[in-house]
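> Mind looking at a prediction? Sequence and model below.
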Amino acid sequence: MYRIMQVCPASVQKSMEGLDYFVVEGGRAIEDLLWVVTQLRLCKAEMDQMIKDLSECKQYLKHDFKIHLEEKTDIKDHCMTFSLNDKDLHFRNECCDHQHLSGCPKCLQLSDLLDEIKRRVQLLETENIEDLYDEILFKTSNAIDNIVEWKKHIVRSKNQLRAKNHVISSLDGSKAIVMLDWVVKFLPRKFRQGQTDWFGKRGVNWHIAVCLINGESGFQAMTYVHLFPSPVAQDGFTTASILCDIVSDLSTLKPEITDVSFWSDNAGCYKSTLTLAMIYANLGPILSSYNFSEAQDGKGACDRKASHIKAEIKRYVNEGHNVLDANDMKKAYSHSLTSEVQRKIRVKKKKEAVKCLQL
């Protein structure tokens, strides 16, 4: 018993927030299928085997399936070219240079298991359990659809990650990639805050962009932080103005940069027609590409930098200061920068924006 506890120690489940809703719905679908299996007329051996197979399929989708995906392979479930192929003529990309002659045991296990559960559920229609049958049929069909959508989500995530890695691997002295994100509004904080000050806070809008450059000394990251003292709409016009300002400042600091690629999440302010039209009209030939991450899969350098800034602001508040507006945020972040770090901070009067640039 003690040896078992050393190899498999007990763990405590913890609640989690902000999860990928594809993963959440997929996990809930597995739980629904586990309940459906218990309602089927199965012997104990068959029921235990189905429960075990469902658990293995869940672990496979969470961990191994994304690793097995490749651009081109003879396994149909792992071939992204085949999976992302459009049946219509708009995005048609057929696998002409290879054939799908092999199969993945885990993917086949998942497909066969879902078909078997569906077949067993249909056999219940002949029994006199109409109310229970409708519930089982609904949960089964809904769970299977969610699992399929989870699998599609993983394929799209791997494809968009491959596009991002392709842009980063092609960086040289004349190219740069800029990753963008609107951060959740920052709520003012005081060193000593009463209950009356806690309610009715108005958050500060701020936007973060991380520019990655491959220079002579290796990769170099520059972080642009735009702070707004007054509330602004996070719309296409504001976002496009920020993007153009970033590229303009980047061209001044690094005149050798002639090729810029953008990377952002699927927020409407980034992929709106106004945003794309404005950056194309203002940036012109310097704009090389604009890629979007898969929905619910856009965590990256901007989120890491935002967490660093929040930690520095929290440390600044703990030293006895108040951070109530955008200027205080700029002061708190500048206070944390050492002399070894190059920095450029300026206040933009247009739109009352405060811009903080760290090199």
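That came through fine.
> next helix or strand past the top helix by length along the chain?
Ranked by residue count and defined by DSSP state H, the top helix of the chain is helix 130-169. Next helix or strand after helix 130-169 toward the C-terminus (DSSP states H and E): strand 175-186.
> List the contacts of the helix or strand following that following strand.
Under the assignment DSSP H and E, the closest C-terminal helix or strand after strand 175-186 is helix 195-198. Under the criterion C-beta atoms under 8 Å, 6 or more residues apart in numbering, residues K190 lie in contact with helix 195-198. For every residue, glycine as well, the C-beta is placed using N, CA and C.
> try stretch 272-282
Contacts with stretch 272-282, where a contact means C-beta under 8 Å, 6+ apart, come from D235, G236, F237, T239, A240, S241, L243, C244, F262, C269, L287, Y290.
> Outline the domain layout of the protein.
18-166, 171-358 (automatic domain parsing).
> Over to R202: give its phi and psi.
phi -120, psi 120 (degrees, to the nearest 10).
> Give me the below-cutoff pLDDT ranges for the stretch 251-359 of the chain.
Applying pLDDT under 70 to the stretch 251-359 of the chain flags the ranges 336-359.
> rerun at 80
Counting by pLDDT under 80, the low-confidence segments of the stretch 251-359 of the chain come to 298, 335-359.
> ranges for the strands of it?
Assigned by DSSP state E, counting those that start in this stretch, the stretch 251-359 of the chain shows strands spanning 259-264, 287-292, 343-348, 353-358.
> Against which helices or strands is the first one packed?
The elements that strand 259-264 packs onto, with contact taken as 3 or more C-beta pairs under 8 Å, 6 or more residues apart in numbering; DSSP states H and E, are helix 130-169, strand 175-186, helix 236-253, strand 287-292.
> As JSON lines, these with mean neighbour count and distance to N205 would be great.
Listed next are the helices and strands packed on strand 259-264 as JSON lines, based on neighbours: other C-beta atoms under 10 Å; distance: least, C-beta to C-beta, whole Å:
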{"stretch": "helix 130-169", "mean neighbour count": "16", "distance to N205": "26"}
{"stretch": "strand 175-186", "mean neighbour count": "21", "distance to N205": "6"}
{"stretch": "helix 236-253", "mean neighbour count": "19", "distance to N205": "9"}
{"stretch": "strand 287-292", "mean neighbour count": "16", "distance to N205": "22"}
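> Tell me which of these sits nearest to E312.
strand 175-186 (12.2 Å; C-beta to C-beta).
> and the direction of that closest one versus that of helix 130-169, what angle?
Taking axes from the mean of the first three to the mean of the last three C-alpha atoms, to 10 degrees, one finds strand 175-186 and helix 130-169 inclined to each other by 130 degrees.
> picking that back up, with distance to G27 as extra columns, can I get the contacts of stretch 272-282 in JSON lines?
Converted to JSON lines, the contacts of stretch 272-282 look like this (distance: C-beta to C-beta, whole Å):
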{"residue": "D235", "distance to G27": "35"}
{"residue": "G236", "distance to G27": "35"}
{"residue": "F237", "distance to G27": "39"}
{"residue": "T239", "distance to G27": "34"}
{"residue": "A240", "distance to G27": "38"}
{"residue": "S241", "distance to G27": "41"}
{"residue": "L243", "distance to G27": "37"}
{"residue": "C244", "distance to G27": "42"}
{"residue": "F262", "distance to G27": "33"}
{"residue": "C269", "distance to G27": "31"}
{"residue": "L287", "distance to G27": "40"}
{"residue": "Y290", "distance to G27": "33"}
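> just those residues now: which is nearest V148?
For these, the nearest to V148 is Y290 (29.1 Å; C-beta to C-beta).
> and that closest one, what does it touch?
So Y290 contacts S261, F262, W263, S264, L276, I279 (C-beta under 8 Å, 6+ apart).
> The residue nearest to I257 when sequence neighbours are not counted bridge partners, please.
Nearest in space to I257, with sequence neighbours left out and distances taken as C-beta to C-beta, 6 or more residues apart in numbering, is A176 at 5.2 Å. Assessed by DSSP bridges, A176 has beta-bridge partners I213, V260.
> From what I see, A176 and V260 are in contact.
Yes: under the contact definition of C-beta atoms under 8 Å, A176 touches V260, with a separation of 5.3 Å.
> Spit out the residues that contact these two alike.
Contacts common to A176 and V260, judged by C-beta under 8 Å, 6+ apart, are L250.
> and Q99, which of the three is it?
coil (DSSP: H, G, I helix; E, B strand; the rest coil).
> okay, now it: neighbour count?
Counted with other C-beta atoms under 10 Å, the neighbours of Q99 add up to 9.
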